[in-house]
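# sequence first, predicted model second:
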Amino acid sequence: MSDHKAAISQAPVLRPRPWHLWVVGILSLIWNGFGAFDYSATQFQWQAYMSNFTESQLEYFYGLPAWQVSAWAFGVWGALLGSIGLILAKRWAVLMFAVSLVGMLASFATYFWSEQAQEAMGQSGWIFSAVIVVVGVVLLRYSRNMSKKGVLR
């Protein structure tokens, strides 16, 4: 067998995009778009948005250390890029969702031992944080599965 034929036979099989890739990609883009908006509005201290929070919540958000804000940024922007990658059927979506999940976990880490965070955000903060992580895990697993099936190129 010639080198050319051997290279072709070893190339990954490219599969057509299934309908659910579009659905998951668009829904995740909307979900992660809200996360990007939340991050931006908080960092730019957009008054119209931030007026929805209590004083203790604002103190918590504005008092986050730089490493935690950075982790939050990786979580948010990695997820948004992962969603775009899904829509474009790009393999790098997997990497972006992995970066996002690490960023999410790091940014939520202090929440679990910080009394200030627990007081400011209450039990609903725990629940919403858990939902965000679960969605992140699902998107990472989904994108890995699509990559293994040859849908993401």
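Good, I have the coordinates.

# which element is the residue positioned nearest the centre of the chain on?
Geometric centre of the chain, nearest residue: residue 79, 2.6 Å, by C-alpha atoms, centre = their mean. Taking DSSP states H and E as the criterion, residue 79 maps to helix 66-87.

# C-terminal to that helix, what's the next element?
On the C-terminal side of helix 66-87, the closest following helix or strand by DSSP H and E is helix 92-109.

# is it true that the residue nearest to the centre of the chain touches residue 95?
No - assessed by C-beta atoms under 8 Å, residue 79 is found out of contact with residue 95, at 11.9 Å. For glycine as for every other residue, the C-beta is placed from the backbone atoms N, C-alpha and C.

# before we move on, back to that, distance of the residue nearest to the centre of the chain relative to residue 73?
Using C-beta to C-beta, to the nearest Å, residue 79 is found at 11 Å from residue 73.

# and if you look at residue 109?
Applying C-beta to C-beta, the value for residue 109 to residue 73 is 15 Å.

# do the same with residue 20
Going from residue 20 to residue 73 by C-beta to C-beta gives 29 Å.

# and those two? Which one has more around it.
Counted by other C-beta atoms under 10 Å, residue 20 and residue 73 do not tie: residue 73 has more neighbours, with 16 against 11.

# what pLDDT does the model give residue 97?
Per-residue pLDDT puts residue 97 at 98.

# same question for residue 4.
pLDDT, read off for residue 4, is 56.

# for the one 4 residues further on, same thing?
Residue 8 is assigned 52 on the pLDDT scale.

# do the same with the one 5 residues further on
On the pLDDT scale, residue 13 is placed at 62.

# circling back: the residue nearest to the centre of the chain: what's it in contact with?
By C-beta atoms under 8 Å, 6 or more residues apart in numbering, the contact list for residue 79 reads 28, 32, 35, 96, 97, 100, 104, 136, 139.

# between these, which sits nearest residue 148?
For these, the closest approach to residue 148 (C-beta to C-beta) belongs to residue 97, at 14.0 Å.

# near that closest one, how many residues? Count them for me, please.
By other C-beta under 10 Å, 28 other residues sit near residue 97.

# and residue 63, by the same measure?
Neighbours around residue 63, by other C-beta under 10 Å: 11.

# what does residue 35 give?
Residues lying near residue 35 (other C-beta under 10 Å) number 21.

# is it in contact with residue 80, as I believe?
Yes - counting by C-beta under 8 Å, residue 35 touches residue 80, with 7.2 Å between them.
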